[in-house]
Structures are given as structure tokens and as C-alpha cells.
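Novice: One predicted model, sequence on top.
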Amino acid sequence: MMKRDRGVILLIAAATITVVMWMSSGDMRALSGIGQVHYLLAAIALTGFLLVFAISTRLAFVEKLFGSLDTAYTYHKYIAIASVVLVFIHGRLAESAVSAAETSASSGEIGAALGSIGQILFILLTLIALFARSMNYERWRFFHRLFIIPYLIGLFHTYMSSSIDLFSVSLLSFWVGLTSIAGLLCAMYTLFFYQRTRYRYTGAVSAVKHLSDSTVELEVLLDEPMTFKSGQFLFVRIFQEGIESVPHPFSISSGKGKVLKLTIKALGDYTRELKDSLEVGARVGCDGPYGNMTFEEGRARQVWIAGGVGIAPFISSLRNSETEGLKNTIQLYYTYRGEGEALYKEYLLAFQERHPSFTVHFINTAERDRLSLKEIDVTQDTSVYLCGPKAMTGGYVRELKKTPAARDLHYEAFSFAR
């Protein structure tokens with residue numbers, strides 16, 4: 001079983017248990033077919049929002065279940081969209097097809113009214129999250145955190161508008177109560193405790209090196225040493241006046257003990273601000289490390305594919321091998337657009353001269369077509385690693401899964417750093 005399959009199994013199991021628990025109720029079975037669908041849609045939607053909030057915690061189990069945080073956040077996005085769609089259909093059934101007896105026994109009017117408000121808020125916040133691309137990241141994040149409000153309204157609506165007694169002693173009541181409490185705890189943790197408890201590694205920026213017109217490498221001196229593996233990344237908060245202190249993910253390009261180097265490309269408002277304004281001495285907080293794209297566990301023969309600033313985790317591995325020795329035969333394919341964006345090129349060429357088992361191929365897409373997998377020799381004894389923009393990584397992953405590389409394929413895609 002692939003690591004990423006565990007999360008899918010969890011999602012299916014959660015939805016299945018929800019359906020079974022609701023259908024185990026005699027009151028549920030007494031409803032009409034469309035009445036049962038009406039309730040099941042809402043129940044699955046609320047379970048979906050529990051999973052959305054659980055993924056948002058970034059607790060260790062999330063990465064273990066889905067294989068990587070970028071995969072987990074992809075599911076986070078589509079589970080949220082699917083849940084909002086189910087809430088919308090649930091509302092339409094309530095208005096047009098389900099009798100009053102099936103929707104509003106016991107405190108029905110207030111619960112039903114609040115349910116409509118919650119539905120509107122869910123849809124509105126989802127549209128903002130999906131389409132407000134030009135919105136300042138901190139403002140976008142503020143609206144994202146408001147999802148707890150329609151979730152609370154949805155829980156109240158469930159308990160107060162249901163014709164099924166959810167306060168009785170039953171398996172259904174236990175399941176609804178358990179998932180409701182779990183969802184609230186995950187949401188509250190993300191809102192009020194995550195930033196206060198997870199950024200235990202603190203330090204200060206000790207150097208800022210400009211690698212290109214759009215990319216900088218930060219050196220951070222931590223107050224306490226951090227243990228990490230090459231290929232991992234951190235969520236970092238910067239505490240400097242004029243710069244937002246919200247967390248963003250950045251790749252570790254090298255480091256040992258108390259010294260870390262982070263490579264950052266200006267991909268949006270926040271990262272452009274860092275590139276232009278960050279000063280030596282600024283305090284930082286780090287959460288992590290994250291990432292399962294670690295090279296030590298790979299096979300002796302490895303193919304690396306990097307896109308743009310996605311070269312950073314590979315640089316981390318190479319720098320680490322300078323002291324521990326290069327133990328693998330590596331073919332690196334580094335794709336970028338324009339010579340000015342070829343980060344660490346001199347270092348890679350020098351490393352290649354010193355290590356015969358390492359070969360680097362530079363692909364400048366400003367001068368030639370994108371890298372084709374036909375140019376790469378991938379056999380069953382090869383581990384393949386990819387890191388780069390989500391669009392690039394996704395395309396290569398789909399192609400590689402049709403080859404022997406699918407046996408040992410590792411990848412990280414960056415898309416939620418602005």
C-alpha cells in the first residue's frame with residue numbers, strides 16, 4: 001500500500017461509518033427515501049468538514065496518512081468543496097421535497113432558519129477561498145478561518161432541526177457527538193493554539209543572500225538545534241515590522257545544528273516582501289520539519305527532477321553528502337526558465353566534477369521545450385524524486401506512474417506559499 005492511500009482509506013471509512021450509523025436508526029429508516037437522502041447528505045457533509053479541520057491542524061498523523069502535506073491539502077480543498085455541494089443539495093431537498101414532519105420536529109423554525117444562514121456562509125466563504133486570488137494572503141487567511149462559524153451553525157441546525165432524537169442514548173447519537181466534538185476541537189486548535197504551541201524553534205536571520213532577481217537564501221541561527229533530514233521543509237513566521245507574521249512553508253537548502261538555510265522565491269506578495277525587505281536580525285519561529293521526500297531511504301540509483309526553486313531540497317542533500325559522502329548514483333534534471341533563474345548552477349557543476357556518480361542536466365525552457373520523460377532512463381531499480389511547481393510536478397507524476405518509476409516515486413509540490 002502506498003503511503004498516500006492511507007488517507008483515502010480514512011476518508012472512505014469515515015463516510016461509510018457515517019452512513020451506517022445514520023441508517024442504523026429506526027427513526028431514520030422510517031423516513032421516506034428522499035428524506036433519508038436529505039439527512040445523509042448533511043451528515044456526510046459535516047463529517048467532511050471534520051476531516052477538513054483535522055487536515056488543517058498539520059499534526060503528525062496528517063502527513064503520515066497522506067504521504068505529504070501538499071497531498072493532504074489537495075484533499076482538504078476538494079473535501080471542502082464536496083461538502084459545500086452536499087450542504088447545498090441538502091438545502092434544496094429541504095425546501096422542495098421533504099415534508100415538514102421530516103425536517104423540523106422540535107425547535108424546527110429556529111434551526112431551519114440558522115441552517116439557511118449557515119448554507120449561505122459556507123458557499124460564500126468557499127467562493128472567496130477559490131476565486132479571491134488577488135486578495136492579500138492575510139485577508140484570505142482571515143476569511144478561511146471564518147469557516148468555523150457556518151460549521152457551528154450546521155451543528156446547531158443538525159441537533160435542533162432533526163426529527164431524529166440525537167440526544168438519546170444510541171450509536172447514532174454517540175457518533176454524531178464524537179464527530180462534532182472532534183471537529184470543534186480541530187477547528188479551535190487551528191484557530192487559537194497552533195501558532196502559540198507549534199513554533200518552538202526560534203531564532204534570528206543571520207544572513208540574506210540574493211541568488212537571483214527573484215530568489216534569496218536566508219541563513220537562520222536558531223536558539224536551539226534542530227534535527228531534520230535532507231529534502232524536508234519548515235513553516236516559518238517572520239517577526240519584522242512591516243512583514244506579516246503568518247506562517248509560510250520554505251524548503252531547507254542546508255543546515256546543521258543551530259544553523260539553517262532556507263531558499264525563498266518571490267511567488268506572491270508575501271515572498272516578494274521578504275526578498276525586498278527582510279533584514280538581518282529579524283526574529284523567526286519555525287514549525288517542523290515536514291516532508292517525506294527523504295533521499296536516505298531511496299534506492300542506490302536515483303533520478304531527481306527539480307523545477308525552479310524546487311532545487312532547494314536536492315541542494316540540501318548534496319551539501320549533506322559533502323560531509324557524509326555520496327552514497328547513490330544520481331542523475332539530476334534541473335528545469336528553469338531563463339539563465340538568471342538557474343539557482344546554484346555553479347555549485348552543481350563543481351559538485352559534478354568532484355563526484356563521478358553525480359550528473360546534472362540543465363533544461364532552460366526559455367531556449368528549448370520542457371523536459372520529456374523520454375530523455376530519462378528510468379528502470380525498476382530507480383528511485384525518482386520530484387520537487388517543483390504543482391502544475392509541473394503533477395504532469396510528471398501522472399506520466400511517471402505509467403512507468404517502472406511508479407514503484408518508488410517521491411514528490412513534493414509547492415502551491416500554498418504566496
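Specialist: Here it is on my side, so go on.

Novice: how about the strands in this structure?
Specialist: Applying DSSP state E to the chain gives strands spanning 201-210, 215-222, 233-239, 248-256, 259-265, 283-290, 301-307, 329-336, 358-364, 382-389, 409-414.

Novice: partners of the longest one in the sheet?
Specialist: Here strand 201-210 has these sheet partners by DSSP bridges: strand 215-222 (antiparallel), strand 283-290 (antiparallel).

Novice: now these as a markdown table including mean pLDDT, distance to R200 and mean neighbour count?
Specialist: (Each C-beta comes from the backbone N, C-alpha and C, glycine too.) Listed next are the strands paired with strand 201-210 as a markdown table, based on pLDDT from 0 to 100; distance: least, Cβ to Cβ, whole Å; neighbours: other Cβ atoms under 10 Å:
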| stretch | mean pLDDT | distance to R200 | mean neighbour count |
| --- | --- | --- | --- |
| strand 215-222 | 90 | 10 | 20 |
| strand 283-290 | 91 | 8 | 20 |
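
Novice: Buried ones in stretch 377-391, by neighbour count?
Specialist: V378, T382, S383, V384, Y385, L386, C387, G388, P389 (16 or more other Cβ atoms under 10 Å).

Novice: got any ranges where the chain has weak pLDDT?
Specialist: 1-4, 95-112, 132-137, 267, 404-406, 414-418 (pLDDT under 70).

Novice: how does it divide into domains?
Specialist: 3-197, 201-290, 301-414 (automatic domain parsing).

Novice: contact partners of stretch 204-224?
Specialist: 201-203, 238, 250, 253, 258-266, 274-275, 278-284, 286, 309, 340-341, 343-344 (Cβ atoms under 8 Å, 6 or more residues apart in numbering).

Novice: Tabulate the buried residues of stretch 377-391 (CSV), appending distance to A30.
Specialist: Shown next, in CSV, are those (distance: Cβ to Cβ, whole Å):
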residue, distance to A30
V378, 58
T382, 59
S383, 56
V384, 55
Y385, 56
L386, 53
C387, 55
G388, 55
P389, 53
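
Novice: For the residue nearest the centre of the chain, give its distance to G325.
Specialist: Central residue of the chain (Cα atoms, centre = their mean): Y73, 3.0 Å from the mean position. For Y73, the distance to G325 (Cβ to Cβ, to the nearest Å) stands at 35 Å.

Novice: ok, S254 touching S317?
Specialist: No: between S254 and S317 there is no contact under Cβ atoms under 8 Å: 9.2 Å.

Novice: Of the two, which one has the most company?
Specialist: S317 (24 against 20; other Cβ atoms under 10 Å).

Novice: For the more buried one, give me its contacts.
Specialist: Contacts of S317 (Cβ under 8 Å, 6+ apart): S230, G231, F295.

Novice: before we move on, the earlier item: of all the strands of the chain, which one is nearest T18?
Specialist: strand 283-290 (29.4 Å; Cβ to Cβ).

Novice: just the CA coordinates of that closest one, formatted as PDB?
Specialist: What follows is strand 283-290, C-alpha atoms only, in PDB (Å, rounded to 0.1, in the frame of the first residue of the first chain):
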ATOM      1  CA  ARG A 283      13.300  37.100  14.700                       C
ATOM      2  CA  VAL A 284      11.800  33.900  13.300                       C
ATOM      3  CA  GLY A 285       9.700  31.000  14.500                       C
ATOM      4  CA  CYS A 286       9.800  27.600  12.900                       C
ATOM      5  CA  ASP A 287       7.400  24.700  12.900                       C
ATOM      6  CA  GLY A 288       8.600  21.400  11.500                       C
ATOM      7  CA  PRO A 289      10.400  19.800   9.900                       C
ATOM      8  CA  TYR A 290       7.800  18.400   7.400                       C
END
